[in-house]
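Visitor: turn this into a model:
(one chain, ligands or ions: 2)
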Amino acid sequence: MTENAYPGLPSPPPLGASALPPGTYEGHTVLVTGGGSGLGKAIATEFARLGADLVIVGRTADRLKAAQEELGALGGRVTASVCDIRDPERIAEVFDAAPVLPDVLVNNAAANFPVPAEDMSPNAWRAVVDITLTGTWFMTREFGRRHLAAGTPGSVINVGASYAWTGGPGFAHSAAAKAGVKNLVETLAVEWAPYGIQVNGLVPGLFPHADLPEAIRGNLERTDDDKASRQPALRVGQARELGWAATFLASPYARFVSGHTMVVDGANWQRRNVVNAPVVPVREQLGRGPYGQ
Ligand SMILES: CCCCC/C=C/C(=O)SCCNC(=O)CCNC(=O)[C@H](O)C(C)(C)COP(=O)(O)OP(=O)(O)OC[C@H]1O[C@@H](n2cnc3c(N)ncnc32)[C@H](O)[C@@H]1OP(=O)(O)O
Ligand SMILES: NC(=O)C1=CN([C@@H]2O[C@H](COP(=O)(O)OP(=O)(O)OC[C@H]3O[C@@H](n4cnc5c(N)ncnc54)[C@H](OP(=O)(O)O)[C@@H]3O)[C@@H](O)[C@H]2O)C=CC1
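Guide: Numbers count the residues shown, from 1 in each chain. Ligands and ions are numbered 1, 2, ... in the order given. This next block holds a predicted model:
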């Protein structure tokens with residue numbers, strides 16, 4: 001990391017600290033998609049520290065099993081279910097198999113890789129949009145239907161990305177899907193508030209971590225070799241900071257917060273320069289030669 005003359009935003013409290021009272025989530029069950037790795041596991045960790053039981057979902061059994069052991073050590077019951085969130089029938093089975101109907105759903109699973117728009121195949125578009133947007137919708141629909149039928153309240157948190165507002169050069173599929181995910185928050189918050197269901201969004205800024213797929217990690221390393229000093233905060237996010245935000249949004253202290261998307265990115269998405277930086281085409285940023293050659 002480059003030395004900088006400015007302090008940047010202060011570091012957060014250490015892992016294990018919490019703003020919410022101990023036991024806030026005792027007697028509650030939280031379902032986290034993609035809870036076996038990365039930010040999903042970090043979010044699940046903060047709910048577990050506050051007493052929640054968990055259901056974690058993902059496609060890779062080994063990854064889920066390792067996370068189940070790690071999260072289980074925090075004291076709660078952890079159910080791990082292999083499920084591709086593109087499959088609505090499997091999603092119904094996951095809810096059937098859960099020990100209780102989860103009262104919090106964190107739609108964290110998503111798919112992404114950088115690719116110039118003109119190089120993107122139909123399948124590449126489908127894979128990212130089907131997982132990120134349609135998968136999120138399938139999970140949310142199942143959760144909402146079951147709560148409406150039971151007459152019970154619930155809370156949904158959709159994990160997004162700030163290019164839902166700004167557009168995302170090099171990520172046309174993911175940016176379009178995340179815009180849909182954010183829009184779902186706004187629609188469903190209104191539609192389901194009468195039934196006691198809150199729907200909010202949570203947007204991470206730059207949170208590098210070891211579980212990221214190679215396509216994203218490699219891109220960060222190649223195009224952003226000095227990550228911290230390129231953020232207004234002069235640092236990247238710590239995964240627990242996202243977890244704390246999620247536990248607040250689904251907590252009793254945020255009962256009147258719905259239809260809102262909270263951005264946890266140290267103001268990076270608001271960044272503008274007094275003097276514009278030179279424009280570098282996406283192909284060049286990704287180290288690709290001219291199109292068609
Ligand atoms: C730097 C700023 C970050 C911005 C903020 C957002 C961050 C994130 O979202 S990080 C989360 C990233 N996490 C993941 O993506 C995890 C899950 N990812 C995956 O499972 C795969 O990457 C997946 C998206 C490819 C989905 O897997 P699957 O359904 O098994 O898809 P296939 O392997 O069959 O591929 C489908 C289709 O996509 C093409 N493709 C795959 N990778 C790339 C790539 N790196 N570049 C270009 N195209 C890619 C693949 O070739 C297939 O297309 P066809 O060959 O035409 O069939
Ligand atoms: N890290 C960052 O800097 C940023 C992240 N985000 C968002 O944060 C969220 C978490 O990302 P992050 O932890 O970094 O990424 P990871 O790639 O580490 O995690 C993605 C998780 O989703 C699961 N998943 C992917 N596809 C499916 C599927 N079809 N069905 C079920 N589970 C699936 C993966 O498990 P498996 O492969 O085993 O299925 C994995 O556990 C995402 O929504 C992402 O868009 C947004 C901005 C920045």
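Visitor: going forward, measure contacts between C-alpha atoms and count neighbours the same way
Guide: Fine.
Visitor: residue numbers of the stretch 1-150 of the chain in contact with ligand 1?
Guide: 110-113, 115, 121, 123-124, 127-128 (C-alpha under 6 Å from any ligand atom).
Visitor: for those, which one is nearest ligand 2?
Guide: residue 110 (4.4 Å; C-alpha to the nearest ligand atom).
Visitor: are we agreed that the closest one is in a strand?
Guide: No - judged by DSSP: H, G, I helix; E, B strand; the rest coil, residue 110 forms no part of a strand; its state is coil.
Visitor: neighbours of it, how many?
Guide: When neighbours are defined as other C-alpha atoms under 10 Å, residue 110 has 22 of them.
Visitor: related to what we said a few turns ago, show only the entries of the residues of the stretch 1-150 of the chain next to ligand 1 found in strands.
Guide: Using DSSP state E, no member of these falls within strands.
Visitor: got a PyMOL select line for the buried ones in the residues you listed?
Guide: This is the PyMOL syntax for the buried subset of those, where burial follows 16 or more other C-alpha atoms under 10 Å:
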select buried, resi 110+112+113+115+127+128
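Visitor: OK, contacts around residue 188?
Guide: If you count contacts by C-alpha atoms under 8 Å, 6 or more residues apart in numbering, residue 188 has them with 199, 259.
Visitor: quick check on it: phi, psi?
Guide: Backbone torsions of residue 188, given as degrees, to the nearest 10, read phi -70, psi -30.
Visitor: same thing with residue 217?
Guide: The phi/psi pair for residue 217 (degrees, to the nearest 10) reads phi -60, psi -40.
Visitor: report whether the helix or strand of the chain with the lowest mean pLDDT contacts ligand 2.
Guide: The helix or strand of the chain with the lowest confidence, counting by mean pLDDT, DSSP states H and E, is helix 214-223 at a mean of 77. No - judged by C-alpha under 6 Å from any ligand atom, helix 214-223 makes no contact with ligand 2; its nearest approach is 8.4 Å.
Visitor: got the buried residues for that helix?
Guide: residue 219.
Visitor: does residue 146 lie in a helix or a strand, and which?
Guide: helix 136-150 (DSSP states H and E).
Visitor: show me which residues of that helix are buried.
Guide: 136-140, 143-144, 146-147.
Visitor: need the next SSE after it, C-terminal direction.
Guide: Under the assignment DSSP H and E, the closest C-terminal helix or strand after helix 136-150 is strand 154-159.
Visitor: partners of that next one in the sheet?
Guide: Strand 154-159 has the following sheet partners, assigned by DSSP bridges: strand 104-107 (parallel), strand 197-204 (parallel).
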